[in-house]
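A.B. asks: need coordinates for the below:
(chains A, B, C and D)
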Protein chains: 4
Amino acid sequence: MANKLKIFNDPVYGFISIPDSLIFHLIEHRIFQRLRRISQTGLSNYVYPGCNHTRFLHALGCLHLMQKAVRTLRQKGVEITAAEERAVYIAILLHDAGHGPFSHALESTLVEDVHHEEISLRLMHLLNEEFNGELSLAIEIFTNKYHKKFLSQLIAGQLDIDRLDYLKRDSFFSGVTEGNIGSDRIISMMNVADNQLVMDEKGIYSVEKYLISRMFMYWQVYLHKTSIAAEIYLIQTLRRAKELVQQGYHLDAHPGLQYFLNRVTGSSFDAHDLEIFVSLDDHDVISAVKLWQHHEDPTLAFLSRSLIRRKLPKAQIRNMAVTEEEYAEKVEFCRQHIGEGSADYLVHATPLTITPYDNKKQSILLLDNEGCCTPIEHSQKQILTASLLQSTTKFHFCYWNTNKLKAIMLNNN
Amino acid sequence: MANKLKIFNDPVYGFISIPDSLIFHLIEHRIFQRLRRISQTGLSNYVYPGCNHTRFLHALGCLHLMQKAVRTLRQKGVEITAAEERAVYIAILLHDAGHGPFSHALESTLVEDVHHEEISLRLMHLLNEEFNGELSLAIEIFTNKYHKKFLSQLIAGQLDIDRLDYLKRDSFFSGVTEGNIGSDRIISMMNVADNQLVMDEKGIYSVEKYLISRMFMYWQVYLHKTSIAAEIYLIQTLRRAKELVQQGYHLDAHPGLQYFLNRVTGSSFDAHDLEIFVSLDDHDVISAVKLWQHHEDPTLAFLSRSLIRRKLPKAQIRNMAVTEEEYAEKVEFCRQHIGEGSADYLVHATPLTITPYDNKKQSILLLDNEGCCTPIEHSQKQILTASLLQSTTKFHFCYWNTNKLKAIMLNNN
Amino acid sequence: MANKLKIFNDPVYGFISIPDSLIFHLIEHRIFQRLRRISQTGLSNYVYPGCNHTRFLHALGCLHLMQKAVRTLRQKGVEITAAEERAVYIAILLHDAGHGPFSHALESTLVEDVHHEEISLRLMHLLNEEFNGELSLAIEIFTNKYHKKFLSQLIAGQLDIDRLDYLKRDSFFSGVTEGNIGSDRIISMMNVADNQLVMDEKGIYSVEKYLISRMFMYWQVYLHKTSIAAEIYLIQTLRRAKELVQQGYHLDAHPGLQYFLNRVTGSSFDAHDLEIFVSLDDHDVISAVKLWQHHEDPTLAFLSRSLIRRKLPKAQIRNMAVTEEEYAEKVEFCRQHIGEGSADYLVHATPLTITPYDNKKQSILLLDNEGCCTPIEHSQKQILTASLLQSTTKFHFCYWNTNKLKAIMLNNN
Amino acid sequence: MANKLKIFNDPVYGFISIPDSLIFHLIEHRIFQRLRRISQTGLSNYVYPGCNHTRFLHALGCLHLMQKAVRTLRQKGVEITAAEERAVYIAILLHDAGHGPFSHALESTLVEDVHHEEISLRLMHLLNEEFNGELSLAIEIFTNKYHKKFLSQLIAGQLDIDRLDYLKRDSFFSGVTEGNIGSDRIISMMNVADNQLVMDEKGIYSVEKYLISRMFMYWQVYLHKTSIAAEIYLIQTLRRAKELVQQGYHLDAHPGLQYFLNRVTGSSFDAHDLEIFVSLDDHDVISAVKLWQHHEDPTLAFLSRSLIRRKLPKAQIRNMAVTEEEYAEKVEFCRQHIGEGSADYLVHATPLTITPYDNKKQSILLLDNEGCCTPIEHSQKQILTASLLQSTTKFHFCYWNTNKLKAIMLNNN
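C.D. replies: Okay, the predicted model is just below:
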């Protein structure tokens, strides 16, 4: 490896180099290779057609930024040993390994009782066995049990490497330039004080820009009314499929997906479940939904065709909650035009809340030239952060009221 | 539409606007929506992990560049009527609609007797019926039967809009900056003389840069030794699957894929075939290959696992052809370590030939200030084109000689 | 021209094409060519060394964006005649022609009684005579006397073409990515309602991003503590030079600069003044300041050396005003270490006020799908604008307290 | 410094950090600050209006890339001590410090007997005294006397840091994307074998792309017919000025410039000359030329006005040399329309020769996985280099044949 360091081309950062052979072998492992088939942004490509990037590339991007962070901190005199360095690389590389197909659809439906971070941790333990304990320190850091807290904060925190990569990357692939952040600058401003990850004060504008860009990415991409509608429909599709399977219907699907459609919520997630889980990816879900377009259950067929043909419901995001009257009216529409019982799957009102900067969890600390730390929201120099502390709640509403229905309900078009 | 012109975000060009409602309805059509699930660059993402962009986005990008081309030519006094304008938009939008899963794998295996351009044309006729003849002029231009030849040359030629988009786009998503071309500049230099598409002479360097970038893209991306190996293996997988099916074995797969595995080569490609063809996409192929990892046929299982786990054969690209001795040695290795008959699927020697600038088909013409046209290769100003006329042949060789085999052959890892 | 449309290369937009021959001749004119020697951002290059771009390039960039704006508005059905089109091009091209050396230094010192827009207008009248009245409509629009108000708003308003270019361009050359705005997107969202320039509602986030980027550019670039200090010193240098000349001292300088050093404030700015004004540019000021480093007047020499050697005073930007005690202390320091009377030139306290979005002058109007206009600050969809209405005042303070002095005061180093 | 590492914003690389305080003090020194006033690309901004970047920024850019190179080589196991590291930083930072105004104009006219590298070296010695010998090792490396040859090759060679920065930077600011090279990739491929700087073989395409981009930059930017014409005229202006001064005429100009106009070619370039040399920059030349527009000597006035008003001669670049007849005809035109004796200054035929890859000086060596080095032109993998060994000579010809003359010859317009 020393002589032929592996390099990946990345359209975002140019080149991503793999720092050592253990990391290389983890990347080669089928558990990590699976991430090539898990899209990073779910169904956002229904709105932003460039958004086909995967968790695989995101994880490599994180590895790249983490190398910068380690270099920066060391230059500023922060001690990070070779073992710690490798451990943060491993931890960030695998932090999302537990994501299922479309990241959130399976999580909220098929194995809704087990969070993806829990699965990532399970996978790290699995790999730790296979690699003779070489991941132990990474696991300590990932679970926030290591004494150097700033290392864990690089993995998960208000300004962690994960966010620095995904915001930049999702902005890049979506073409939503409002979300483009200066990851480089932010990392070059990282520092450590009292064992905490902090920011040099002169990076204050970069941090404010980051907080705002993140908020823009939420409203423009992650919570775009149409991709939210598509994700709701994907979840409903799987929910309906699960019900049908548990009622004894036959549904064509990859055996692994069948397994989870049959699985009883709340049963323990054992080693066998884990093994099947890592055989699943986006392809299995899409393939199944394609087949279900022709299923005898009209609700399942309707949902499936809606997704595959991208004939999605009317969607709004608004400041006022949906009233009972509005909701009832749309339910009635479905009942009349689509079928009894369909509205429960087709009409949805969902509140969406964003806190652009959540200082209740943790504040971003600025380190001034005298060595003092101040939460950014109390800094004399902040120009916008104070107005980002407030949560905003908006309301998503999706329903049907149009003749698009016809196209979807007809089988052979 | 006039009041709410649809706009797509594109990371390459920023915004792509849809010029009229007919184009909009074509994009909304399930035949075009399918292209969201066909990757633009086959298995290049095995080497360049950013390469997950689709034929859908490429087609929109072409539409965008074509709008620039029409605007430029009109500014220079070339007459293009409103009907012709719409027709070139439609023709470029649909020129790749006939691509099957992974673009070339199916083409060379399952329906190897029908070229994707033929299928694109068939689909245009289908849509023409549905849209009451509004695609007739587009079809005329697409089939090069229209009297204004330059319109057809914008669709297919040495410097067509298709190439201008895919080179730039594939360079962008792969991160191979050597392939980045100045599509904008090239289009701004387009002109028409004697009914032919030509280039203003002052754009000569942009054209030379384009020819060189194209050559780099071939050697670095399209013909990368590893993605060629992966595509060969995908083709062999489907070939083996077809043989097994035709021998009476059962193979799990999407019914549409099953249909083509059963189809006899050379039988006429009828309306029914076409209908099934457009139900297929990358997901069906990947899902099937995932299932085939556990098939009883060891060759099919080996190929499938090689692909899904990305444990690919050793691959070389070299100047000298593979000798019989070399080939025989690798065949023997397969026979011994993998199984009788496996080598025919696992060892491949393939010549690769590139002509960076093929003036035998057609020359790129430069228009000087006096109104004369000269083939670029004869221009006094050219600095590199003359050295690009020569074809280069290299040799791809992929085979096994390592212990990666073990990992692939073991079922449960 | 039709056959050989002139094109400029621009690192920001790629290519800028010149729409017709009148525009071309205006660009060729010595009055416009002078702008090649006027820097766009004054002394910002002392902080951002990439900031050497000129008013010449900014004006061309505006011309480029204006062409996009005209195209967009016409596509939406807004009538703009050929004559109006040409007139807005001319008006935007020449809107800054009246800037003197370093844009603001001369304005506030040598001809402090005449605003640069007044001079731009005078120059347009001059050119109008030379070009036989072909600029008349441009002048009407520039002076906001034309009945189609939206045309004047494209030249000067809350979201005019001038700002759209300079924010993007200054962000580009400074490398301050926080200020990068989506000019393209914003222009694509422009519309006209009731004769006013408005924005399509779906562009709301782009507008909010623009308002925030503008605020960042102010705090990070235009009001950077060090470039403000440098500009104050340039102004003081010229002020001191003027005093000395008017006291009868000899100062080496370009004759045109000499002329303005001698000019009495408040005297009418006549044709002769105008002719001399357009002979001046940044070079004359810098050359003079270089010579003045060795002048016998210690204050002039000190200021000049401070600028040329870039040994600038200590500078702060802070939330609290400078107290009388602080100020007196710094004055005393100058008196003791530099010389009697120097403090008046060397110590400065300056309030800086920014209103990120000044809706008192004019609101940005959003046009919804029903054709109604709403000020963005009242839109249900706005997420940040409401917090941008407030003015912020900070305080700039520059003074000396260090041993840099020595280096500056010594003649021969 | 350790706690507050100085960072420069650079539009090309983002951030450039200053590695230690000695480097910081060298940057602060007036000798280096002067480079803020020396344009990197002479008069290229007459053609590419974004090209106003300076030698100051280029030197910082080199410093940035050199840090990457040192990091890369160390990662590959090449030993570079802390002292050597600092020395290569200093050497690359100051390698161009000896450039005069517009880099090449003064060099070929006023001090035509002393090369800028000689002056850079003289300045390094001067600074070495001032900084107590801390530059000695840098000087050894700069003069190629240090035993680790690869360090000197990083400063000057076929693929040195200087070229890697200026090609990328000039491409960036000119907007000529054909010249954009992958400096990052090339540096990541650097290695050392037998004490020589070599390239890892897998970087071959990046090197070929670099050689081609360099050739494009020569033909499109550095040897653009119009900027060559402008530079010839600047040289002729200074030549004429020198003649006039030496004939006893008075010419207004900065005293330093006067000094060199009076200086006799071939006299020794002593410490006093050096001191005056570093007081000069672009501003002094432009200011003088502006004044000379009104000089009594018609040739000087003509040349000066031609430059300032950018009314440049007709220029061609062609494959055939200028014949005596052509030349005589243009001389006669000048004699008749401008004046006796003017042609010698206004008509010029100049051969321009480029060797895209000059392997006679030194080959670029590729290091393969077995540790062997091969000149790139002999590599089996090269696809273009072999065609880049040939020199190309073209011919520049500038002359007058138009009515532009009138505008230039009239005094008051």
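A.B. asks: which residues of chain A lie near chain C?
C.D. replies: Within chain A, the positions lying close to chain C (CB under 8 Å from any CB of the partner chain) are A:177-178, A:180, A:182, A:185, A:205-206, A:208-209, A:212, A:215-216, A:219-220, A:318-319, A:380, A:383-384, A:387, A:392. Any C-beta I mention is one placed from the backbone N, CA and C, and that applies to glycine too.
A.B. asks: which of those are buried?
C.D. replies: A:177-178, A:180, A:182, A:185, A:205-206, A:208-209, A:212, A:215-216, A:219-220, A:383-384, A:387 (16 or more other CB atoms under 10 Å in any protein chain shown).
A.B. asks: ok, and what's touching stretch A:57-68?
C.D. replies: Contacting residues not belonging to stretch A:57-68 are listed as A:8, A:10, A:12-13, A:16-19, A:23, A:27, A:32, A:35, A:40, A:88-89, A:92-97, A:154, A:161-162, A:164-166, A:168-169, A:183-184, A:187-188, B:49-50 [CB atoms under 8 Å, 6 or more residues apart in numbering or on different chains].
A.B. asks: would you confirm that residue A:353 belongs to a strand?
C.D. replies: Yes: judged by DSSP: H, G, I helix; E, B strand; the rest coil, residue A:353 forms part of a strand.
A.B. asks: count of neighbours near it?
C.D. replies: For residue A:353, the neighbour count with other CB atoms under 10 Å in any protein chain shown is 9.
A.B. asks: now it: how far from chain B?
C.D. replies: 25 Å (CB to the nearest CB, to the nearest Å).
A.B. asks: report pLDDT for that residue.
C.D. replies: On the pLDDT scale, residue A:353 is placed at 94.
A.B. asks: cool, residue A:182 as well?
C.D. replies: 84.
A.B. asks: quick one: contacts for it?
C.D. replies: A:206, A:209, A:210, C:177, C:178, D:14.
A.B. asks: and if you look at residue A:332?
C.D. replies: Applying CB under 8 Å, 6+ apart, the residues contacting residue A:332 are residue A:343.
A.B. asks: how long is stretch A:292-312 end to end?
C.D. replies: 17 Å (CA to CA, to the nearest Å).
A.B. asks: my bad, should have said stretch A:14-31
C.D. replies: Per CA to CA, stretch A:14-31 runs 25 Å from first to last residue.
A.B. asks: what does it contact?
C.D. replies: So stretch A:14-31 is contacted by A:1, A:5-10, A:32-33, A:60-61, A:63-64, A:67, A:85-86, A:89-90, A:93-94, A:97, A:123, A:126-127, A:131, A:134, A:278, B:175, B:177, B:308-310, B:413, D:182, D:184-185, D:188 (CB under 8 Å, 6+ apart).
A.B. asks: average model confidence for it?
C.D. replies: The model assigns stretch A:14-31 a mean pLDDT of 93.
A.B. asks: surely residue A:347 is in contact with residue A:330?
C.D. replies: Yes: here residue A:347 reaches residue A:330: they are 4.7 Å apart, a contact under CB atoms under 8 Å.
A.B. asks: among the residues of chain A next to chain C, which are in helices?
C.D. replies: A:185, A:205, A:206, A:208, A:209, A:212, A:215, A:216 (DSSP state H).
A.B. asks: distance check, the residue nearest to the last one when sequence neighbours are not counted against chain D.
C.D. replies: Read it as residue A:216. Nearest non-adjacent residue to residue A:216, counting by CB to CB, 6 or more residues apart in numbering or on different chains: residue A:178, 4.2 Å away. Using CB to the nearest CB, we find residue A:178 at a distance of 19 Å from chain D.
A.B. asks: with residue A:234 instead?
C.D. replies: For residue A:234, the distance to chain D equals 38 Å [CB to the nearest CB].
A.B. asks: where's that residue, which helix or strand?
C.D. replies: Element membership for residue A:234, per DSSP states H and E: helix A:225-246.
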